[in-house]
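Asker: coordinates only, sequence not included:
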């Protein structure tokens, strides 16, 4: 930017004229000229995060996203740091907390800088120099990853605390629905950050084990309700993390412990033996529905993990065989599937004191058919 342009922008900043600041910056922005750090920092911290005007905050967001598009951030130029992110996300750390809509915009910008830089560094084989490595590495910055997990749990609880309002009838309903929608967006964005945390180090398997164990202990200790657990799993970006967490939840609820590694035989073991704890907020049959949901999720995510070689480092996947890696534990028989299905039917009927309802019958039959497809495919 020219000195004259800079003087104009600084004048509007000194006179606290944010509309003028934004307008001049939009006018002067160019692929060849990057605004100075202090100006971009002012837009981010003062006009987006500290603004009382939603329209002004949206304009500031549009500007920093345009700057990111023209001048993608790298480790030496990125405008946010963990201290700023923590101050925005932690209620205890901030007197004036941005509304969920502004949090969404800020997190979208943060994730955009992380993803753009990650993909650029990946293409250059320089992930060790990425913003994600410096801020979200499970090897070097696990306390940061723990922060993201805690923020994610809070967003999930806020997004699923009340029943869904499909057609708001008054302003209060509209506000609550918008707040829940914003918290859901925040959850998806934080899941993207966790996915990067798992991919940026050399061993996604080790990283996903660390993160899933952290999430598991948090879920067991402070998240008792079914709707929170399911929403957390549904919003996951990383299929490897989803697979690990579903396995931990099912193993925790299974009285018949086994040292079998993650495999289709372990899935059958869970199908035949696992019983989830009761949830006083829902009907009893729904805990069996949740169990089926977890089994479906584990089956699908495990299939993606093996097919896409997600246990391998992201830099090694292009040179890995396209065929999924199948072990002896993945070989299941028709009789084993039938025995597990009969065992599940028996346990559900005994627990409910009545035959399965139609919804459970349909889901059980569908799950059995998926397992049978694997049997016939391998035969």
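Answerer: That came in fine, so what should we check first? The structure presented is a predicted model; accordingly, all values stated were derived computationally and were not measured.

Asker: Residue 101 and residue 110, how far apart?
Answerer: Going from residue 101 to residue 110 by Cβ to Cβ, to the nearest Å gives 15 Å. All C-beta atoms are positioned from the backbone trio N, CA, C, and that covers glycine.

Asker: Below-threshold pLDDT in the stretch 151-300 of the chain: ranges please.
Answerer: Applying pLDDT under 70 to the stretch 151-300 of the chain flags residues 162-169, 223-224.

Asker: mind checking the SS state of residue 271?
Answerer: helix (DSSP: H, G, I helix; E, B strand; the rest coil).

Asker: pretty sure it is in contact with residue 367, am I right?
Answerer: Yes: Residue 271 lies in contact with residue 367 (Cβ atoms under 8 Å); the separation is 7.5 Å.

Asker: Comparing these two, which shows the higher neighbour count?
Answerer: More neighbours surround residue 271 than the other of residue 271 and residue 367, with 25 against 21 (other Cβ atoms under 10 Å).

Asker: In terms of helices and strands, where is the residue nearest to the more buried one when sequence neighbours are not counted?
Answerer: Spatial nearest neighbour of residue 271, chain neighbours left out: residue 340 (4.6 Å); criterion: Cβ to Cβ, 6 or more residues apart in numbering. Assigned by DSSP states H and E, residue 340 belongs to helix 334-352.

Asker: So residue 226 sits against residue 279, correct?
Answerer: Yes: under the criterion of Cβ under 8 Å, residue 226 makes contact with residue 279 at 4.9 Å.

Asker: These two - which one has more neighbours?
Answerer: Using other Cβ under 10 Å as the criterion, residue 226 and residue 279 rank with residue 226 on top: 19 against 16.

Asker: Same question for the helix holding residue 340: list its buried residues.
Answerer: Using 16 or more other Cβ atoms under 10 Å as the test for burial, helix 334-352 gives 336, 337, 340, 341, 344, 345, 347, 348.

Asker: is it true that the fifth one touches residue 271?
Answerer: Read it as residue 344. Yes: between residue 344 and residue 271 there is a contact under Cβ under 8 Å: 5.8 Å.

Asker: how many neighbours does residue 278 have?
Answerer: Using other Cβ under 10 Å, residue 278 has 10 other residues around it.

Asker: Can you tell me the SS state at it?
Answerer: coil.

Asker: For it, which non-adjacent residue is spatially closest?
Answerer: Closest to residue 278 by Cβ to Cβ, 6+ apart is residue 287, at 6.2 Å.

Asker: The one you found is in what secondary structure piece?
Answerer: Using DSSP H and E, residue 287 falls in helix 285-307.

Asker: And that helix, what does it pack against?
Answerer: helix 226-234, helix 239-253, helix 264-273, helix 334-352, helix 358-378 (3 or more Cβ pairs under 8 Å, 6 or more residues apart in numbering; DSSP states H and E).

Asker: quick one: contacts for residue 112?
Answerer: By Cβ atoms under 8 Å, 6 or more residues apart in numbering, the contact set of residue 112 is 65, 68.

Asker: mean confidence for stretch 108-115?
Answerer: Averaged across stretch 108-115, the pLDDT comes to 98.

Asker: what distance separates that stretch from the centre of its chain?
Answerer: Distance, stretch centre to chain centre, for stretch 108-115: 14 Å (Cα atoms, centre = their mean, to the nearest Å).

Asker: need the contact list for the residue nearest to residue 271.
Answerer: 268, 271, 272, 371.

Asker: Among those residues, which one has the most neighbours?
Answerer: Among the contacts of residue 340, residue 271 has the most neighbours (other Cβ under 10 Å), with 25 neighbours.

Asker: Name the residues of stretch 209-225 that are buried.
Answerer: Going by neighbour count (16+ other Cβ under 10 Å), the buried part of stretch 209-225 is 209, 210, 211, 212, 214, 215, 216, 218, 219, 223.

Asker: Next, work out how far apart the closest residue to residue 250 other than its chain neighbours and residue 376 are.
Answerer: Nearest residue to residue 250 in three dimensions, chain neighbours excluded: residue 270, at 4.4 Å (Cβ to Cβ, 6+ apart). When distance is defined by Cβ to Cβ, residue 270 is 22 Å away from residue 376.

Asker: the more surrounded of the two?
Answerer: Remark: of residue 270 and residue 376, residue 270 carries more neighbours, 23 against 8, as counted by other Cβ under 10 Å.

Asker: How about the contacts made by that one?
Answerer: Taking Cβ under 8 Å, 6+ apart, we find residue 270 in contact with 250, 251, 254, 295, 298.

Asker: that older thread, I'd like the buried residues of helix 334-352 as JSON lines, with distance to residue 244 and pLDDT appended.
Answerer: Shown next, in JSON lines, are the buried residues of helix 334-352 (distance: Cβ to Cβ, whole Å; pLDDT from 0 to 100):
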{"residue": "336", "distance to residue 244": "24", "pLDDT": "93"}
{"residue": "337", "distance to residue 244": "24", "pLDDT": "94"}
{"residue": "340", "distance to residue 244": "22", "pLDDT": "93"}
{"residue": "341", "distance to residue 244": "25", "pLDDT": "94"}
{"residue": "344", "distance to residue 244": "23", "pLDDT": "93"}
{"residue": "345", "distance to residue 244": "29", "pLDDT": "92"}
{"residue": "347", "distance to residue 244": "25", "pLDDT": "92"}
{"residue": "348", "distance to residue 244": "26", "pLDDT": "92"}
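
Asker: Residue 204 is in contact with residue 313, correct?
Answerer: Yes: at 6.7 Å, residue 313 and residue 204 qualify as touching, with contact defined as Cβ under 8 Å.

Asker: the more surrounded of these two?
Answerer: Legend: neighbour count by other Cβ under 10 Å for residue 313 and residue 204, higher for residue 204 (25 against 16).
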